[in-house]
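Novice: Here is a sequence with its predicted model. Questions after.
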Amino acid sequence: MKIPEIPNDFERVEFVKNLAILDTHPGENLNRVVTLCHDIFEVPMANIAIVADDREWFMTGVGLESKEQQRDLALSTFAIAGDDIFEVPNALEHPEISQSPLVTNTPGIRYYAGAPLKYDKYNLGALCLLDTKPREPLDDRGRQILSELSQMVVREIRIQRILRESLALVAREAILDSE
């Protein structure tokens, strides 16, 4: 599978690393967003995928067995290449994705929609909808809902970052006060 080139990918990956979100617990709010995607769009699989330098890590998900995969297999790489929702109604008909092991083997993905998670000027990953059956493209309302849910994910990641930084500052101050 030929993945698209991402402008400023080195800087984007460094930004992802500096956020310190890889391999963390997602928290209730992000789990709720994924559950809402699963329920609203009636898809068997939904996730929040963060694209790092060598892997795609699933911050949280419904219907998935793995927690990560190699970046060169990551469908979310297509989603982070642009600013709009990347949607593939039938993966077997998409020139690049049709050869992906995720399509040709288990889980046999046929439908994919990924809304980029834009944090400042970088796309961290995507809020993804996946199905093992081809689907009609999202209508305008569905695209709006998925886009707004992806913005909620980014807001939650921002809040978690602020909380981590605040706790680290409080801990430093407590250590300095005890000396």
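Specialist: Nice, thanks for sending it over.

Novice: Name whatever forms a beta bridge with the closest residue to Pro26 other than its chain neighbours.
Specialist: Spatial nearest neighbour of Pro26, excluding adjacent residues (Cβ to Cβ, 6 or more residues apart in numbering): Thr60 at 3.9 Å. For glycine as for every other residue, the C-beta is placed from the backbone atoms N, C-alpha and C. Per DSSP bridges, the residues bridged to Thr60 are Ile48.

Novice: wait, doesn't Thr60 sit right on Arg32?
Specialist: No - in this structure, Thr60 is not within contact of Arg32 by Cβ atoms under 8 Å, at 9.5 Å.

Novice: So these two - more neighbours on which side?
Specialist: A count of neighbours by other Cβ atoms under 10 Å puts Thr60 above the other of Thr60 and Arg32, at 22 against 15.

Novice: what are the ranges of the helices in the protein?
Specialist: Per DSSP state H, the chain carries helices over the ranges 9-19, 28-41, 76-80, 101-104, 140-178.

Novice: Let's have these in TSV, adding distance to Arg55.
Specialist: Converted to TSV, the helices of the chain look like this (distance: least, Cβ to Cβ, whole Å):
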stretch	distance to Arg55
helix 9-19	11
helix 28-41	19
helix 76-80	11
helix 101-104	14
helix 140-178	18
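
Novice: from those, which stretch is densest packed?
Specialist: Comparing the helices of the chain by mean neighbour count (mean count of other Cβ atoms under 10 Å), helix 76-80 comes out on top with a mean of 26.

Novice: How about residues contacting that helix?
Specialist: 3-4, 6, 12, 49, 51, 56, 71, 85-86, 96-97, 114-116, 123-126, 128 (Cβ atoms under 8 Å, 6 or more residues apart in numbering).

Novice: Likewise for stretch 154-172?
Specialist: By Cβ under 8 Å, 6+ apart, stretch 154-172 touches 19-21, 24, 27, 29-30, 33, 117-119, 124.

Novice: mind checking how far that stretch is from the chain centre?
Specialist: Distance of stretch 154-172 from its chain centroid, counting by Cα atoms, centre = their mean, to the nearest Å, is 20 Å.

Novice: picking that back up, for the residue nearest to Pro26, give its distance to Asn90.
Specialist: Noted for Thr60: a distance of 26 Å to Asn90, by Cβ to Cβ, to the nearest Å.

Novice: Can you flag which of the contacts of helix 76-80 belong to strands?
Specialist: Applying DSSP state E to the contacts of helix 76-80, the entries found in strands are 49, 51, 56, 86, 114-116, 123-126, 128.
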